[in-house]
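Participant: Okay, sequence plus prediction incoming.
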Amino acid sequence: MVITSEEDVTANLVIEVLNERRVLVARVDPADVGPDLLFNAQMGGGETQWSGRLRTPSRDIALEQVRAVYYRRPSPWRFNELETQARDFAIAEARHGLSGLLANLPNCRYINHPANITKSDFKPAQLQVAARVGFTVPVTLISNDLDAIRKFVAEHEPVVYKSFRGAPPTPTGHVAAIWTQRIAQQDLDDSVSMTAHLFQQEVDKVADARVTVVGRHVFASRITTPDGALDWRMGDWDGLVYDPIDVPEAVKNALYAYLDHFGLVFGCFDFALEAVSDSGRTSEAWTFIECNPNGQWGWLPDSDAIANAFAEVLLKGWWP
Amino acid sequence: MGSLTMQPWGLSRSTECLPAAPPPYETTSFDPETQLTRFYDAQGAIVDMGKDGTSRTFVTVTVSKGGGGDGSDGAAQVADDSNNDSASD
């Protein structure tokens, strides 16, 4: 089962490979709940696990026979025709009753389990676990205290600011971006106290690395921008340069330990690469920036191999 | 404490609103047989968003790349590829 929206391009790549392997795939978007998504699940009376059916206009499947779920990006709940109270009720009940059921299918593996995605989505968790499994992490401050932030900037300049989640859309639907950016003492003011802010000592990087891990398959690209931008997302994507890069064994082991800690099977890791000189030899030091437990990877040069790795890990042990 | 401005400091660090480039497709249709979504341009021609296609680099990491692509259309789009905070979990 692939849990995602209709417009999800990343899911398409995996579904194509699953079709090639003749697996029966059901694409399910929980937000379709209603006449186009009917379900029933029953247990108790001697049954210790859920069994029942889930029906979409094109599939009618037994929940207890779902062997694997690729949990991608369901649509936001709709219920747009309902009054606020009725809508809030419908959403809360669907979250618990339908999404809760889909997160607890009895004979199923998940890439990734939604609860583990949620747990590992918080940057305070990411950085602490990363440090514990042996990654170097940037010197980091999370604070809303202007004095503490000023002190941090003074001690660790150059310092960058990063938002945790980006800028939400305006009421008119416009979207802005908050790129990772270097900041100076004089940029700061009292308005930092209104909410949480994250600051890090800038890593003097020569390149970025994007490492996509699926099971024990590791796909890594070294990414450079023509202008050496601090945040490669801000520029022209077509100008990014991707080179294959070998992931040091110690980094690989830390990647696995990180994923295992959160119960993840898949993760998109970002690293900053720093040139270091060690007794005449130059090499690159890897600094953990973040791990997106539900990232997009279709734009990477390795995407065909990544899609195949997804299929392999989803089907392992129950499908030839 | 000095006077607080009306927005948290971090939000004042955002870019101007990004130009809303349209996604590289106009409409979608769902193939019940394969469970794949097909993407069409304004002329009704298939946009190859899948294997070997040129548009697979279409992502929602920046909204200047267009809305949609992960079903976040009309919802809380974010300017990176984190989960939507409003996704139906």
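Facilitator: Happy to help now that I have it. This structure is a prediction, so every number in the text was calculated from the model and none was measured.
Participant: does A:Phe271 count as helix, strand or coil?
Facilitator: Of the three states, A:Phe271 takes strand under DSSP: H, G, I helix; E, B strand; the rest coil.
Participant: Please tell me how far it sits from A:Val69.
Facilitator: Distance, A:Phe271 to A:Val69, using Cβ to Cβ, to the nearest Å: 29 Å. No exception for glycine: its C-beta is placed from N, CA and C like everyone else's.
Participant: Which one's more surrounded, the two?
Facilitator: Neighbour count, other Cβ atoms under 10 Å in any protein chain shown: between A:Phe271 and A:Val69, A:Phe271 has more, with 29 against 22.
Participant: Quick check: that one touching A:Val211?
Facilitator: Yes - counting by Cβ atoms under 8 Å, A:Val211 is a contact partner of A:Phe271 at 6.7 Å.
Participant: Can you pull the residues that touch both of these two?
Facilitator: Overlap of the contact sets of A:Phe271 and A:Val211 (by Cβ atoms under 8 Å, 6 or more residues apart in numbering or on different chains) consists of A:Val251.
Participant: can you count the residues close to residue 9?
Facilitator: Since you didn't name a chain, this refers to chain A. Number of residues near A:Val9 (other Cβ under 10 Å) recorded here: 27.
Participant: switch to chain B, that's the one I care about
Facilitator: 23.
Participant: Would you mind listing the residues in contact with it?
Facilitator: Applying Cβ under 8 Å, 6+ apart, we find B:Trp9 in contact with A:Leu188, A:Asp189, A:Ser191, A:Val192, A:Met194, A:His197.
Participant: Could you identify the most distant pair in those?
Facilitator: Using Cβ to Cβ, the contacts of B:Trp9 reach their maximum pairwise distance at A:Leu188 and A:Met194, which is 12.8 Å.
Participant: Okay, now the sheet partners of the helix or strand bottoming out on mean pLDDT in chain B, with direction.
Facilitator: Of all helical and strand segments in chain B, the minimum by mean pLDDT, DSSP states H and E falls on strand B:46-47, at a mean of 82. Using DSSP bridges, the strands paired with strand B:46-47 in its sheet are strand B:36-40 (antiparallel).
Participant: buried stuff in the partner strand?
Facilitator: Residues of strand B:36-40 classed as buried: B:Leu36, B:Thr37, B:Arg38, B:Phe39 (neighbour count, 16 or more other Cβ atoms under 10 Å in any protein chain shown).
Participant: Also stretch A:116-136?
Facilitator: Buried, per 16+ other Cβ under 10 Å, within stretch A:116-136: A:116-117, A:119-121, A:123, A:126-127, A:129-130, A:133, A:135-136.
Participant: which among those gets closest to A:Pro244?
Facilitator: Among the buried residues of stretch A:116-136, and counting by Cβ to Cβ, the member closest to A:Pro244 is A:Phe135, at 21.1 Å.
Participant: and the gap between the closest one and A:Ala31?
Facilitator: 36 Å.
Participant: before we move on, back to that, show me which of the buried residues of stretch A:116-136 neighbour chain B.
Facilitator: With Cβ under 8 Å from any Cβ of the partner chain as the criterion, the buried residues of stretch A:116-136 include A:Ile117, A:Asp121 near chain B.
Participant: Could you find the closest non-adjacent residue to A:Ser163?
Facilitator: Counting by Cβ to Cβ, 6 or more residues apart in numbering or on different chains, A:Ser163 lies nearest to A:Ile178, which is 4.2 Å off, once chain neighbours are set aside.
Participant: pretty sure the one you found contacts B:Thr15?
Facilitator: Yes - at 7.4 Å, A:Ile178 and B:Thr15 qualify as touching, with contact defined as Cβ under 8 Å.
Participant: Compare these two (neighbour count), which wins?
Facilitator: Neighbours per residue (other Cβ under 10 Å) separate A:Ile178 from B:Thr15, with A:Ile178 holding more: 22 against 16.
Participant: quick one, phi psi at the more buried one?
Facilitator: phi -120, psi 100 (degrees, to the nearest 10).
Participant: Perfect, I'm done here.
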